[in-house]
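here's a sequence, model it:
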Amino acid sequence: MSKKDLTNIIASKHLGKKSIGCEQYDSSLLVAIPRELNRIQYEIENDNLPFFGSDIWHCYEFSTMTENNLPISRVLKLKYDCNSEFLVESKSLKLYLNSFNMSCFGKSIEECLEICLEKIQNDLSDVLKTQVFAYFLDNQKIEIFEKFENILNFVDENNLKIEKFEEAPELLKIKEKEEKEYYLKFDSLRSNCRVTHQPDFGDIFIYYKSKKHILESSLIQYLCSFRKEYHFHEECVEMIYKRLSDILNKNDELFVCALYTRRGGIDINPIRYSKNCTIKDYLDLKNIQKFARYGNKQ
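Sure thing, here's the model as predicted:
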């Protein structure tokens, strides 16, 4: 059995099953996916990762109740390191969080939320075999990525010709220049869920500092080549990071972050960066909620 087939079998545990009827707390709903199953295809070694980073999830529809049946709703933020052996499958996480809906915890709102956070952190940490951090967010919205400029501003779109829609790293072209920092944003990243085959849309932010200049037209063509790919969000970001890292110099700074559209009440925001990256703290603030995309509550 291929690594791809094994991943799909593991990830499909809840596929096609009704989401109702699981509104009592149940940690057994969580499904862990081994990251190695996809990484091995791109020569990314689990014990020698070419990047650092984390996966950040915003869960917009978390709801539970106190012991006197008072409903509470919050936005839940989850964060865990990319060096974890596993990632959590998104539908299993949705079902797991839904299992809090009709469950009652604590005599007060504060006590209820504290109990839920402890359960969520412990359950996910146990399943993923890594430390998972969980926070409830307020409604503060802070704009980030002010320096990043739309990559289309650097090209003549009339001369762009997009022909490949399956990942094609050979499209990437570079020129040697003086060392420079590049802050680029592409708001039309699309790939597809490897389990449901539904399209996933996101904004991708790429920063690098190098004497090599990745031609923006070639980078657009490469990013567009994901439109017929079937991968988890985390896998797409790691693939993009790896391809860019391969063509840059060894000690160049590199940062890749994708902020995906919310689907099923959850958005997933993977971040990968080089050890020497000076802007890695952009998304490392536990109490700030970032909104790059909106809506699409499927």
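
what's the local residue count around residue 219?
23 (other CB atoms under 10 Å). From N, CA and C alone the C-beta is placed, and that goes for glycine too.

with residue 180 instead?
11.

ramachandran coordinates for it?
As for residue 180, its main-chain torsions (degrees, to the nearest 10) stand at phi -150, psi 150.

okay, domains of the chain per the record?
3-137, 149-283 (automatic domain parsing).

number of residues surrounding residue 163?
So residue 163, with other CB under 10 Å, has 9 neighbours.

quick one: contacts for it?
Neighbouring residues of residue 163 by CB atoms under 8 Å, 6 or more residues apart in numbering: residue 221.

for it, give me the pLDDT.
We have a pLDDT of 91 for residue 163.

swap in residue 176?
93.

wait, is it part of a strand?
Yes: looking at residue 176 with DSSP: H, G, I helix; E, B strand; the rest coil, it is inside a strand.

ok, it - contacts?
211, 212, 213.

between the domains of the chain, which gets the lowest average pLDDT?
domain 3-137 (a mean of 88).

from residue 190, how far off is residue 158?
22 Å (CB to CB, to the nearest Å).

who's more crowded, these two?
Shown here are residue 158 and residue 190; by other CB under 10 Å, residue 190 has more neighbours (17 against 6).

chain center to the host helix or strand of the more buried one: distance?
Residue 190 is part of strand 174-192, with elements assigned from DSSP states H and E. The chain centre lies 18 Å from the centre of strand 174-192; the measure is CA atoms, centre = their mean, to the nearest Å.

same check, this time on stretch 58-78
Using CA atoms, centre = their mean, the offset of stretch 58-78 from its chain centre is 22 Å.

tell me the buried residues in that stretch?
By neighbour count on 16 or more other CB atoms under 10 Å, the buried set for stretch 58-78 is 58-66, 72, 74-78.

please narrow the residues you listed to those residing in strands.
Among the buried residues of stretch 58-78, the members falling in strands (DSSP state E) are 58-65, 72, 74-78.

which stretches in the stretch 101-250 of the chain count as helices?
Along the stretch 101-250 of the chain, counting by DSSP state H, counting those that start in this stretch, helices occupy 109-128, 216-224, 233-247.
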